[in-house]
Structures are given as C-alpha cells and as structure tokens.
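# just need the structure, nothing else, for what follows:
(chains A and B)
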Amino acid sequence: MLELQIDGRASGHPILGAITARVAEGDRICLLGPSGVGKTTLLNGIAGLDRRLSERMIKRSAELRVGYLFQEHRLLPWRSVRQNLAMVGACDEEIDRLLAQVGLAEVAEALPDQLSLGMARRAALARSLAIKPDLLLLDEPFASLDPDRAAELRSLITRLLDAHPRMAMICVTHDARDADQLANRLWYLDGAPAELQWDQPLTAAASASRISAALRAPCT
Amino acid sequence: MKPPRWTYWIMLPLTVALWAAIAATLETPLLPTPSAVLDSLWRSMQSGDLQQHLGVTLRRVIISFVLAMLLGALLGVWMGRSALANALFDPLLVLFLNLPALVTIILLYVWFGLVEAAAVLAVVINKVPNVAVTLREGARSLDPRLEQMAQVYAFSRWQRLADVWLPQLFPYLMAATRGGLALIWKIVLVVELLGRSDGIGFQLHMAFQVFDVASILAYSLAFIAVVQLIELALLQPLERRASRWRQAGAQHA
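Sure, this is the predicted structure:
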C-alpha cells in the first residue's frame, strides 16, 4: 500500500537520506531511533505533509486513507470531542462507538482542553480511526504518560489493531519495549542524513530491545 | 481580581458634575449646562431631526463598516498567508495607512463630485488598511500544527475557513471591529460636513455656523450612545459566546 523510495540527498532534503521500504497490509511497524534523528519528519513525509518529498518518492496506493495521531492531540480546542470527530466525516453512531472503544463515552460533549493529556490523546486516536484508515501513523503515542496510562494505551492500541487486521501501523517511539508489545516489524532510523539501518520482521528470537541495543552500541 | 461593578460608575458622573459646575459658574452660551444639552436633544428628537440624521449617518457607518471589514479582512488574511502578496501590497498599505483621511475625502469629492458613493468610498479607503494590518497579524499567527491536521484529515475549504481559521482570527476581527466602529463614525462625520446635505456631520456644520454648542454636544452624545448600545447589545455577547472555549483549559487545571 505504501512504497518509500526517498532519496533525500538528490532532492536536497536537510534531514532524510536514502530510505527504501515497502509497507503492506497488516504490517505493524515500530520506528525506533535516537531523538532528533528525523522520525517525525519521516512520518510527516509519509502523511504527505512534507512538500520537499515528491509523490515519486512516497508512492501511496490509490485512495489510501491515512490516520495520523500527532504527538499533541491537535483537536480543535473550540469544538467538543464529538464535533471534532464529526468534522472528519464520522456519523453519530460511529462517534459513539469509537468513543466507547477508547473509553471516552462520558466526555463526548467536553472540550479537548477539559480533558487530561491521556484522555485527549485517546480522543485524537478515536479521530484517526474515524476515517477508517488503511494506514495508522502514531507519533510517540506514549510520551508524557505515566506508566499505568501508557500501559493502558498500549493494550488499547493492540486491541484496536487486532480488531482491524488489514490496517497497517507505523508507530514512532523511543522505547524498544513498546515495539516488542505492538509491532511485528522494526525500523531503526539513524545517521545524518537519516537512513533506515534496520528493516526486519520481529520474531521471538530477535526482540526489538535486543536489536536496538545492538544497533545503538557502536555510538556509545 | 475583578473590581466591583460600581467602579464603572464613578468617572463618568464625576465628569458630568464637573461640567455642570463649570457651566453654572461661567454662565455663557459657549458652554451650556448638561440640562441645556438634554433640552436641545429632546427638542430635536421631537421635531424628528435627530432620528432622521442619526439614521442617515448610521446607514453610512454600517455600509462603510461592512465593506471595509470585508475587503480589509480578505486583503489582510491573504497578505498574512502569502509572502508574495505581502511583498506586493505592503508598500501600498504603508502609503494608505499614512494618507490623511481628509486628503482622501477631498480628492474623492473633487474627482467624483459630492455624491454618496464618493462619501462611502472615502471612508472605506481610510479604514481598509487598518483592518488589513490587524488581520495580517492574525493570519500570521494561525497555528501551523492545526494546518497540518486539517491537511491530513482532508478538511474542505469551508471547514478550514469556518472551523479552523475563524476561531483563531476572531480576536483580531473583534479588535478591528472595535477600532473600526469608533474610527469610521468619526470619518463619516467629516465626510458629511464637507459634502453631504444630511447626517449628523451636516447638522454639526449648521450648528457650528451659529455657535450652537448645545446642539453640537447633543448630537455627539446621541451617536456615542448608539455606538455604546452596539457594543453592549451586539459585540460583548458575541465575544463572550465565541471565547467560552478559552476558559475550558483554565478550569480544568
């Protein structure tokens, strides 16, 4: 559904180098890498937000629907949670179903700023699911959550992925343990310009924690 | 902390009392007492003059205000969003910002004659640059993160305008509206004084010729009251409604 043939050097991209990869249905990818290396930049590129990356470099299959959970919730603060979901085209029953799924049925009429960080992030997750995405992009979904809330959100995302087996996911995180729980494939981005140093399926034998420790080792 | 309500009712009555005291001691027709002004106001209301001229001036204010806000907002937002538009129009904006209102009015009357369209156009030309400058600041401060969100979720043009931009531009629109009403009615009076045969400006001109200070004050007070009414009945409720969401975060924290 998605084919990356990014050549950052040729297009003069300041952060990304040569990145070649293919994302298929059901891929659950965790994108690891040191902070500031360009993980969010790559995610923005895949979402079509980076004009420096042409369509030739990021080939999306026709009609690919992309749901993007940004690091901040980016809900419209002047609209209620329900209105925010309606704005991307969800009907009323769908909104109720989605909010129940993420455990926010009670606060449908609240404004985003009235919610805690974790709740707002789940509301934004509900919005990214409301467009029935083929590809779900998650940017540091567990950042600034306390361990309990983070664990809750991890199992929520796992459940949602299991409920939509055809949906692909790319999740940026800096914690390899997230990858062990969520992903079936690991990307490791590093270097300047940033390139994929690792692109392999995850198996029980090769856990993300071990791989990322090995990849990080030469730098330390 | 919010001061008690009665603090709003101190300076204005005090000023009126001072005015009454000075007028009573001087006893000159050049400074009529407050009651003489009220009397003049009452008489012109009974003759219907006040309503007629107030109505005419109000109509000119509203037409020029709507046109100026519309054009100024379009120009300002365009300049705020596009560096090219800004480069093209910024020198013109500076020129028109510093062009004296009186010059615009005189030139338009000279070129187009003493007609209604020239009067309204003169006011609009005076106001558009102010609105544009204010809205340009607003358009520059639009949150780029919400722009990205709107792009990812394929918001329609209308949604972007009404749901993403308008709430962010609202404080700037309010600032332009407030400044606009006050500025526009003052310019309209000059326009009327110089080249129209009705409206409050025209009446002030007549009163000036016979040094009828009571009428001058009566007409001014009447219009200030109208503008105050617009502020209380229209602008403040609108503002309260539109900025309710801003308090949401503070209450939660």
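
# could you identify the longest helix within chain B?
As assigned by DSSP state H, the longest helix anywhere in chain B is helix B:49-81.

# the next helix or strand after that one near chain A anywhere?
Sequence-wise, the next helix or strand downstream of helix B:49-81 (DSSP states H and E) is helix B:83-97. No. Figure legend: helix B:83-97 not in contact with chain A (Cβ under 8 Å from any Cβ of the partner chain); closest approach 14.9 Å. Using the backbone N, CA and C atoms, a C-beta is placed for each residue, glycine as well.

# would you mind writing the CA trace of helix B:83-97 as CSV?
The C-alpha trace of helix B:83-97 is given here as CSV (Å, rounded to 0.1, in the frame of the first residue of the first chain):
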residue,chain,number,x,y,z
ALA,B,83,4.7,36.2,1.3
LEU,B,84,4.3,37.2,-2.4
ALA,B,85,1.0,39.1,-1.7
ASN,B,86,2.6,40.7,1.3
ALA,B,87,5.6,41.9,-0.8
LEU,B,88,3.3,43.2,-3.5
PHE,B,89,0.9,45.1,-1.2
ASP,B,90,2.9,46.1,1.8
PRO,B,91,4.3,49.4,0.3
LEU,B,92,0.7,50.3,-0.8
LEU,B,93,-0.5,49.5,2.7
VAL,B,94,2.0,51.8,4.3
LEU,B,95,1.1,54.6,1.8
PHE,B,96,-2.6,54.3,2.6
LEU,B,97,-2.1,53.9,6.3
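
# tilt between it and helix B:49-81?
If you take axes from the mean of the first three to the mean of the last three Cα atoms, to 10 degrees, helix B:83-97 sits at 150 degrees to helix B:49-81.

# mind listing residues that contact the helix or strand where A:T20 lies?
For A:T20, the host element (DSSP H and E) is strand A:18-23. Contacts to strand A:18-23, defined as Cβ atoms under 8 Å, 6 or more residues apart in numbering or on different chains, come from residues A:1-9, A:29, A:42, A:135, A:168, A:170, A:187, A:193-196, A:199.

# gap between that strand and the chain center?
Strand A:18-23 sits 16 Å away from the centroid of its parent chain (Cα atoms, centre = their mean, to the nearest Å).

# also stretch B:71-83?
In terms of Cα atoms, centre = their mean, the centre of stretch B:71-83 is found 20 Å from the chain centre.

# could I get the buried residue list for that stretch?
By neighbour count with 16 or more other Cβ atoms under 10 Å in any protein chain shown, stretch B:71-83 contains the buried residues B:L71, B:G72, B:A73, B:L75, B:G76, B:V77, B:W78, B:M79, B:G80.

# for stretch B:34-47, same thing?
By neighbour count on 16+ other Cβ under 10 Å, the buried set for stretch B:34-47 is B:P34, B:A36, B:V37, B:S40, B:L41, B:S44.

# these two touch, right, the second one and B:A214?
Yes. Applying Cβ atoms under 8 Å, one finds B:A36 in contact with B:A214, separated by 5.0 Å.

# list only buried entries from the contacts of strand A:18-23.
The neighbour-count criterion (16+ other Cβ under 10 Å) marks A:1-2, A:4, A:6-8, A:29, A:42, A:135, A:168, A:170, A:187, A:193-196 among the contacts of strand A:18-23 as buried.

# and which of these is nearest to B:A24?
Nearest to B:A24 among these, counting by Cβ to Cβ, is A:L42 at 80.4 Å.

# show me what from the stretch 1-150 of chain B comes close to chain A.
Checking the stretch 1-150 of chain B against chain A by Cβ under 8 Å from any Cβ, the hits are B:R145, B:L146, B:Q148, B:M149.

# can you say which of these are buried?
Among these, those scoring as buried are B:L146, B:Q148, B:M149 (criterion: 16+ other Cβ under 10 Å).

# the first one sits in which helix or strand?
Read it as B:L146. Counting by DSSP H and E, the element that carries B:L146 is helix B:144-152.

# so how far is stretch B:184-202 off the chain centroid?
For stretch B:184-202, the distance to the chain centre is 15 Å (Cα atoms, centre = their mean).

# check contacts around B:L41.
Residues near B:L41 by Cβ under 8 Å, 6+ apart: B:L50, B:A218, B:L221, B:A222.

# could you do A:R79 as well?
Each residue near A:R79 by Cβ under 8 Å, 6+ apart is listed here: A:M87, A:L111, A:P112, B:D163.

# the first one: neighbour count?
Other residues within reach of A:M87, judged by other Cβ atoms under 10 Å in any protein chain shown, total 20.

# about what we covered before: reformat the buried residues of stretch B:71-83 as JSON lines; add distance to B:A87 and pLDDT.
Formatted as JSON lines, the buried residues of stretch B:71-83 follow (distance: Cβ to Cβ, whole Å; pLDDT from 0 to 100):
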{"residue": "B:L71", "distance to B:A87": "20", "pLDDT": "96"}
{"residue": "B:G72", "distance to B:A87": "19", "pLDDT": "96"}
{"residue": "B:A73", "distance to B:A87": "20", "pLDDT": "95"}
{"residue": "B:L75", "distance to B:A87": "14", "pLDDT": "96"}
{"residue": "B:G76", "distance to B:A87": "15", "pLDDT": "96"}
{"residue": "B:V77", "distance to B:A87": "16", "pLDDT": "96"}
{"residue": "B:W78", "distance to B:A87": "12", "pLDDT": "96"}
{"residue": "B:M79", "distance to B:A87": "9", "pLDDT": "96"}
{"residue": "B:G80", "distance to B:A87": "13", "pLDDT": "95"}
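
# how about chain A: which residue is closest to chain B?
Proximity of chain A to chain B (Cβ to the nearest Cβ) peaks at A:D113, 3.5 Å away.

# okay, now that residue: neighbour count?
19.

# isn't there a helix covering A:Q200?
No. Counting by DSSP: H, G, I helix; E, B strand; the rest coil, A:Q200 is located in no helix; its state is strand.

# what sits closest to it if chain neighbours are left out?
Counting by Cβ to Cβ, 6 or more residues apart in numbering or on different chains, A:L186 is the residue found nearest to A:Q200 once chain neighbours are left out, at 6.2 Å.

# for the residue nearest to B:L169 when sequence neighbours are not counted, which three-state class applies?
Closest residue to B:L169 apart from its sequence neighbours, by Cβ to Cβ, 6+ apart: B:G138 at 4.5 Å. Judged by three-state DSSP, the three-state class of B:G138 is helix.

# please consider this matter closed, and thank you.
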